[in-house]
Structure formats: C-alpha cells, structure tokens
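The sequence isn't on hand, but the structure is:
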C-alpha cells in the first residue's frame, strides 16, 4: 500500500509553481525523509497530502487510494506542523481535552500515560513548557489519534540537539512499535540519515530522487547526504529514482 501517491501533482501560488509535475509512490511501513532546501516544495507537498491545500494540477491520494482531505483520510492521518497549534495559556491536560473534542479517534489513556513518562505535568501551562516539551506534547496529541500515517513538517526547527534527539527517538519508536508509517520533512539530512528507510529529495518544486535508502546507497555508493547533494546539484532525476519508483508502484 502506498501511503502517498501523486500523479502530475502541481500547486501554483500567484503564478509561481511551488510544486510541479510531482510523481511519487511512497510505500507504507517506512520512515520517510523528505528533504530539500528551503523553498523546495516540501511543505506544499505535505499540505496537499493532508488536505490543507488543493492541487492546481494533478492528483494526490493517501493510504492506498483515499483522496487527500477526505473523511477517511483525515481520520487516519496525524499531522504535526512546524508551528504546532498549542494554546499557551492552557494547561497540558486541557490541551489534550481540546484535541479529544476535535478528533473522532482518540486514546486518552495513551496520551496521559505518555505525558507522565515524559514528566510533563498535566497542570503545567503550555506556555511555560520548554521547546522540547512543546514538541513532545504536539507529538503526543498526534499519536493519541492512533494514526496509520504520521506526517511531520520541519519538527526540529526550534529544538536544541538534546530535544531533537529525544523527539526523533519518540518518532522512530512509534514507527517501530506501532507500525505507523512516517513522513518527516527537513532541510537538514544529518538528523535523519541514521533512521530513514526511504528518501525523497525535492528541489525547485520537483522530485529529484526517491527510493528505499538501502537501494539508493547500493546504487550510488554513497551516504544519504552525498546522494542528496549530487541530485540537487545535477538538477535532474537520477536513474536510482526511476528504478526505485517503478518497484513501489501498485504496492
């Protein structure tokens, strides 16, 4: 099953293409690193996939063919944006209550247990939490929805190295222990190189390379950071994308 599949997908803002002719078939059961420089189209692609934006051209489906933004898709996808909508004047426990009332799928015990494990008091106001604790609260809310697909847009941008490492450990734990497929965007690949199992590189609104990490490394004889730089500098889709993408079609 492909968790995100696009056909000639494009999004234009004020006459400029933020994403153009995007062809992807991302299989499930992966931790996907979606990487590229600022302005590459990463957030645009994720917003289209979770139904926060409508395509200018082409199509995008999720979780085996559900239209992006459809009720079925929304129930099964959790999205953590770069600036998570947390209300700073509410206690953490009340923030869970807000999220519970907004979601049809919700596991309150899991949310409370996770905050207890993280030593985040339910009575502490969100505005007094550290950056790492706020990120973990946003992730807790996402995981309490019991998603099939977890989408994270630049979640590390405001985190220090320790908080970043803790957050990434939480994400990889969810992928490993609960079978959640994860798509995580970042413009810094070093954070993801040790955990990603699938790579998608965007540049100038186009897919430069996509495929399973093991296949890309074997084909190019380099690590993910070097592979990414090669394709961004070349300004073209390399042969590994063609072979890897072909094998994911129809899964």
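Received the coordinates, thanks. Fair warning: this is a prediction, and the values are worked out from it, not measured in the lab. Residues are numbered from 1 along each chain as shown.

What mean pLDDT does the one helix or strand residue 48 maps to get?
In the assignment (DSSP states H and E), residue 48 maps to helix 42-49. Mean pLDDT, computed over helix 42-49, is 96.

any idea which helix or strand comes after that helix?
As the chain continues past helix 42-49, the following element, by DSSP H and E, is strand 57-62.

other SSEs contacting the helix holding residue 48?
If contacts are counted by 3 or more Cβ pairs under 8 Å, 6 or more residues apart in numbering; DSSP states H and E, helix 42-49 sits against strand 2-13, strand 16-27, strand 31-35, strand 57-62, strand 149-153, strand 181-186. All C-beta atoms are positioned from the backbone trio N, CA, C, and that covers glycine.

pLDDT weak spots in the protein?
For the chain, residues meeting the criterion pLDDT under 70 lie at 235-251.

what residue of it is the furthest out?
In terms of distance from the mean C-alpha position of the chain, residue 123 ranks first, at 29.4 Å (Cα atoms, centre = their mean).

How many residues are close by the closest residue to it other than its chain neighbours?
With sequence-adjacent residues excluded and distances taken as Cβ to Cβ, 6 or more residues apart in numbering, residue 123 is closest to residue 91, at 5.1 Å. Look at residue 91: counted by other Cβ atoms under 10 Å, it has 16 neighbours.

and what of residue 81?
Neighbours of residue 81 (other Cβ under 10 Å): 17.

how about it, what does it touch?
residue 153 (Cβ atoms under 8 Å, 6 or more residues apart in numbering).

how does it look with 10 Å?
43, 46-47, 50, 52, 138, 151-155 (Cβ atoms under 10 Å, 6 or more residues apart in numbering).

what number of residues lie near residue 201?
Residues near residue 201, counting by other Cβ under 10 Å: 29.

Repeat that for residue 177.
8.

Give me the three-state assignment for it.
With DSSP: H, G, I helix; E, B strand; the rest coil as the basis, residue 177 sits in helix.

That one and residue 192, how far apart?
Counting by Cβ to Cβ, to the nearest Å, the gap between residue 177 and residue 192 amounts to 19 Å.

residue contacts, the nearest residue to residue 206 once chain neighbours are set aside?
Distance criterion Cβ to Cβ, 6+ apart; nearest residue to residue 206, sequence neighbours excluded, is residue 20 at 5.7 Å. Residue 20 makes contact with 8-12, 41, 56-58, 204-207, according to Cβ under 10 Å, 6+ apart.

Now with 8 Å, please.
Per Cβ under 8 Å, 6+ apart, neighbours of residue 20: 10, 205-206.

What separation is there between it and residue 75?
For residue 20, the distance to residue 75 - Cβ to Cβ - is 30 Å.

in whichever strand or helix holds residue 167, what counts as buried?
Using DSSP H and E, residue 167 falls within helix 161-178. In terms of neighbour count (16 or more other Cβ atoms under 10 Å), helix 161-178 has its buried residues at 163-164, 166-168, 170-172, 174-175.

Wait, residue 108 touches residue 101, no?
No: Residue 108 is not in contact with residue 101 according to Cβ atoms under 8 Å; the separation is 11.1 Å.

So for the two, which residue has more residues nearby?
Using other Cβ under 10 Å, the more surrounded residue of residue 108 and residue 101 is residue 108, with 12 against 8.

ok, now which ones touch that one?
96, 100, 144 are the contacts of residue 108 under Cβ under 8 Å, 6+ apart.

And the helix or strand encompassing residue 225, what does it pack against?
According to DSSP H and E, residue 225 maps onto helix 224-234. Here helix 224-234 touches strand 198-203, strand 206-212, helix 213-220, going by 3+ Cβ pairs under 8 Å, 6+ apart.
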